[in-house]
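Asker: Build me a model from this:
(chains A and B)
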Amino acid sequence: MQEILKLLENEAKLSTKEIAFMLSLPEEEVRRKIRELEENKTILRYLTIINWEKAGEEKVTALIEVRITPQRDIGFDAVAERIYRFPEVKSVYLMSGAYDLAVFIEGQSMKEVSNFVATRLATIEGVTRTATHFVMKTYKREGVILEDKEQERRLVISP
Amino acid sequence: MNKRKAWGERVNPVVQSIPPSGIRRFFDLATETKEVISLGVGEPDFVTPWHIREACFYSLEKGYTMYTSNQGLLSLRQAIAQELYNKFGVSYNPKDEILITAGVSEGLDLAIRALISPGDEVIVPEPAYVSYAPCITLAGGRPVALFTTMEQGFCPTADQIARLITSRTKLLILSYPNNPTGAVISKKRLQEIAEVVCDADLLVISDEIYSKLTYQGEHTCTAALKGMKERTILLNGFSKAYAMTGWRIGYAAGNPDFIGAMNKIHQYTMLCAPITAQTAALEALKNGHQSMHNMVKQFNQRRQLMVNTFREMGLPCFEPGGAFYAFPEIKGTGLSSEEFALKLLTEEKVAVVPGNVFGASGEGYVRCSYAASRKDLSTALQRIAGFVKRYGLRAKTKVIYKSLVIG
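Answerer: All right, here's what the predicted structure looks like:
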C-alpha cells in the first residue's frame, strides 16, 4: 500500500495497470486499494504542479507568520480553522518557534493579499500579530524544480 | 620509388583483427534518427546525486587537484575494504590488495594484461559485455566463448566450464549481475563453479559492477567463496549504483601479487585515477546509501513494468534479477536481432541493442535497458507491443517468467 501511495504521490497520472505492472500486483487489487485509500481520505486529491508564470498568469504568494493567543476553550485548532476555511488560504501549518501559524496565501495582486491579511486574517479573535512575506521567485515546489536545466545528456546507445 | 605500405596496413595486426564494435554502427544510425526513445543505453538515467557532486565542488575549492598515489587515495581504499568486509565478509588489506582504476574498464584491461600471456585461453560465458573478448585478444590471449541460453537462465553450469578447460586455460571471466542479460547467479551455482575452478587451478576475474543492482536474492561475491579470494580479481566501481558513469572510478581487489602487477601497468599508463572523481567516490561510499537505494528501488519498479509488459505481449523473456536490462527473445518475429533492432528503430523510433553484439549466443535476442524515465519506458513499450503485433510471433518458445507474481 505504501508503495502505491509513493508512486501516486510522485505521478498522479499513473494508470492502475502501470502501477500493477511496476509492483507486480494484480490490477484488480491495485484498483481496489486505490478506491479504499480515496474513500478513507488517505488520498485526498490529485493535484497538478503548474508553472503559472509560463502560462502567462500572474499570481502572488505570501507567507504570513501569525501569532495567536491560545485560549483555554478555543486552543490553536479553533483559530486555525477560522483561518484555513478561507479559500485564499492555500496551506496552514502549526509551527514551533517564534510564531504559531505559517499561512500561505495566494492572490492576484499584492494589494489583494495585503487586503486579505488586514481585513480578514488580522482581525480574527485570538490573532495577536501577523508578519507578511511575499514570495519573489519560486525555484522548487513540492520537490519539483520549476526551470530544470538538467536535461538528458546520455548517448543514444552505449555498451 | 619505394612502394609505401598503406597507413591502415601499418596498424598493429592484432588491432586490425579486432572487428569494430557492433554497437558503434548501430549508434550512428540511432543518433541520426529524430525523436527516438532509447532503451539502448548502458547507464542510469539519473544524474549523479547532488551530495556527491557537491562534495566534488568542495574538493576543487580546497585545491585537491594533484596526483594521488598510483593505487589511489588510501581513504577511498579503506572505505572500499570496509564495505567489502561488511557486505560480503571478505577482507582486503587497503594497502596492497586494492587498486583504484579509471572505471571497471581499466581494471579489466589491467587484470587481463597482468595475467594473460600469448596463447593463454580465457573462458567467457556469453552473451557477455563487449569488452572482454577484445581485451583478451589485445593481450595475446584467446577468448573461448561459453554459450548460455535463456532456458538455463544465462548462467553457465560448472559442467559447461569443465568441458572447455584445456591445458592452456588460465582464466575464467564471470560477470553477474550480467550485462546484457540481467542474469544473477545463485550462490549454489557459484560454489559449483568455484569447485571446478579450484580443481583446475584457474584464475577468475569477477566483474561485479552491477552487484548493488540486485533485485532477486542477495548478491554473492565470488571472492567470498571458499578458496576463491586468492585466485579472484574482483572488479567493481561506482558507475552504475551511484549514477557516476562519467566519473570513471572503479576498483580492483585481489591478492597483493596480482594487484601489484596491475599497479605496475597502471602506474606507467594511467598513473592514477582522477583525484576529483576519487573524492566524489569516497562521498558516495560514505553518504550515498540512501540515494543509491532510491535509484535501485526505481530501477526495480521499471524492471517489473518492462518484464510484465513483455509477458503481456507474449514476448519470451528470461526474468532479469539484476542490472538494468531485459533480454527478450525475438526469434518468434522471424527477424534476426539486427533486423529487429533496425526495423524497430526506423518504424517505431525505439532504440534497443541487437543481442548478437554480445556474442553469437545473443543472436535472437535484443537488449532493452530500463534505465529510462517511466514515461519514456511506457511509450517505448507500447511501440514495441505494436511492432511485435505487426510482425506476429510465429515460433512459440517457452516463456520464462518465474517469480513475478501477478494476477
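Asker: Verify the contact between residue B:278 and residue B:251 for me.
Answerer: No. Here residue B:278 does not reach residue B:251: they are 10.0 Å apart, not a contact under Cβ atoms under 8 Å. Where you see a C-beta, it was placed from the backbone N, CA and C, and this is true even at glycine.
Asker: okay, and the common contacts of those two?
Answerer: Both residue B:278 and residue B:251 are contacted by B:72, B:100, under the criterion Cβ atoms under 8 Å, 6 or more residues apart in numbering or on different chains.
Asker: Look at those two and report which has more neighbours.
Answerer: Neighbours were counted for residue B:278 and for residue B:251 using other Cβ atoms under 10 Å in any protein chain shown; residue B:251 has more, 28 against 25.
Asker: So that one lies in a helix, does it not?
Answerer: No. Counting by DSSP: H, G, I helix; E, B strand; the rest coil, residue B:251 is not found in a helix; it is strand.
Asker: That one bridge partners, please.
Answerer: residue B:100, residue B:236 (DSSP bridges).
Asker: Need the pLDDT of it.
Answerer: For residue B:251, the pLDDT comes out at 98.
Asker: I'd guessed it sits against residue B:98; true?
Answerer: Yes. Residue B:251 is within contact range of residue B:98, at 5.9 Å (criterion: Cβ under 8 Å).
Asker: Over to the residue sitting nearest the centre point of chain B. Which of the three states is it?
Answerer: By Cα atoms, centre = their mean, chain B has its centre lying nearest to residue B:179, at 4.5 Å. Classification of residue B:179 using three-state DSSP returns coil.
Asker: Please report the distance of it from chain A.
Answerer: 8 Å (Cβ to the nearest Cβ, to the nearest Å).
Asker: now swap in residue B:45 and tell me
Answerer: As judged by Cβ to the nearest Cβ, residue B:45 and chain A stand 7 Å apart.
Asker: Three-state assignment for that residue, please.
Answerer: Three-state assignment for residue B:45 (three-state DSSP): coil.
Asker: And for it, nearest residue in space, chain neighbours not counted?
Answerer: residue B:371 (4.9 Å; Cβ to Cβ, 6 or more residues apart in numbering or on different chains).
Asker: would the one you found count as being in a helix?
Answerer: No. Read with three-state DSSP, residue B:371 is coil and lies in no helix.
Asker: Pull the contacting residues for it.
Answerer: By Cβ under 8 Å, 6+ apart, the residues touching residue B:371 are B:41, B:43-45, B:299, B:302, B:324.
Asker: what about residue B:143, which SS state?
Answerer: Of the three states, residue B:143 takes strand under three-state DSSP.
Asker: quick one: pLDDT of it?
Answerer: Residue B:143 is assigned a predicted lDDT (pLDDT) of 98.
Asker: In this structure it contacts residue B:130, no?
Answerer: No. Look at residue B:143 against residue B:130 with Cβ under 8 Å: they stay out of range, at 11.8 Å.
Asker: Could you tell me which residues of chain A lie near chain B?
Answerer: Within reach of chain B by Cβ under 8 Å from any Cβ of the partner chain, chain A has these residues: A:7, A:11, A:14, A:18, A:20-29, A:150, A:152, A:154-159.
Asker: chain center to the host helix or strand of residue B:161: distance?
Answerer: Assigned by DSSP states H and E, residue B:161 belongs to helix B:158-164. Taking the mean of its C-alpha atoms, helix B:158-164 sits 22 Å from the chain's own mean (Cα atoms, centre = their mean, to the nearest Å).
Asker: which residues are in contact with the host helix or strand of residue A:20?
Answerer: Using DSSP H and E, residue A:20 falls within helix A:16-23. By Cβ under 8 Å, 6+ apart, the surrounding residues in contact with helix A:16-23 are A:3-4, A:7-8, A:14, A:25-27, A:29-31, A:34, B:301-302, B:304-305, B:308-309, B:374, B:378, B:406.
Asker: The same query, at a cut-off of 7 Å, please.
Answerer: Contacts of helix A:16-23 with the rest of the structure, by Cβ atoms under 7 Å, 6 or more residues apart in numbering or on different chains, involve A:3-4, A:7, A:26-27, A:30-31, A:34, B:301, B:304-305, B:308-309, B:378.
Asker: Now do the buried residues in the helix of greatest length in chain B.
Answerer: Criterion DSSP state H: the longest helix present in chain B is helix B:289-313. Going by neighbour count (16 or more other Cβ atoms under 10 Å in any protein chain shown), the buried part of helix B:289-313 is B:291-292, B:295-296, B:298-311, B:313.
Asker: got the contact list for the helix or strand following that helix?
Answerer: Following helix B:289-313 in sequence order, the next helix or strand is strand B:325-326 (DSSP H and E). With Cβ under 7 Å, 6+ apart as the test, strand B:325-326 has contacts from B:179-182, B:306-307, B:310, B:317, B:320, B:367-370.
Asker: Now the two most distant members of those residues.
Answerer: Across the contacts of strand B:325-326, the longest distance by Cβ to Cβ is 18.2 Å; it joins B:179 and B:310.
Asker: shaky segments in chain A?
Answerer: Along chain A, no part satisfies pLDDT under 70.
Asker: Okay, helices next: where are they in it?
Answerer: Along chain A, counting by DSSP H, helices occupy A:2-10, A:16-23, A:27-39, A:75-84, A:110-116.
Asker: any idea how chain A splits into domains?
Answerer: Domain segmentation of chain A under automatic domain parsing yields A:2-39, A:60-136.
Asker: what about the first one, start to end distance?
Answerer: Between the start and the finish of domain A:2-39 there is a gap of 16 Å, counting by Cα to Cα, to the nearest Å.
Asker: What residues sit buried inside it?
Answerer: A:4, A:7-8, A:14, A:16-25, A:27, A:30, A:33-34, A:37.
Asker: and if you look at stretch B:366-385?
Answerer: Within stretch B:366-385, the residues that count as buried by 16+ other Cβ under 10 Å are B:366-372, B:374, B:376-381, B:383-385.
Asker: What of stretch A:35-51?
Answerer: Within stretch A:35-51, the residues that count as buried by 16+ other Cβ under 10 Å are A:37, A:43.
Asker: And the contacts of that stretch?
Answerer: For stretch A:35-51, contacts defined as Cβ under 7 Å, 6+ apart pick out A:8, A:12, A:141-142, A:144, A:146.
Asker: Figure out how far stretch B:22-33 is from the centre of its chain.
Answerer: The answer for stretch B:22-33 is 20 Å, by Cα atoms, centre = their mean.
Asker: is any part of it close to chain A?
Answerer: Yes. Residues of stretch B:22-33 are located near chain A by Cβ under 7 Å from any Cβ of the partner chain, namely B:23, B:26-27, B:30-31.
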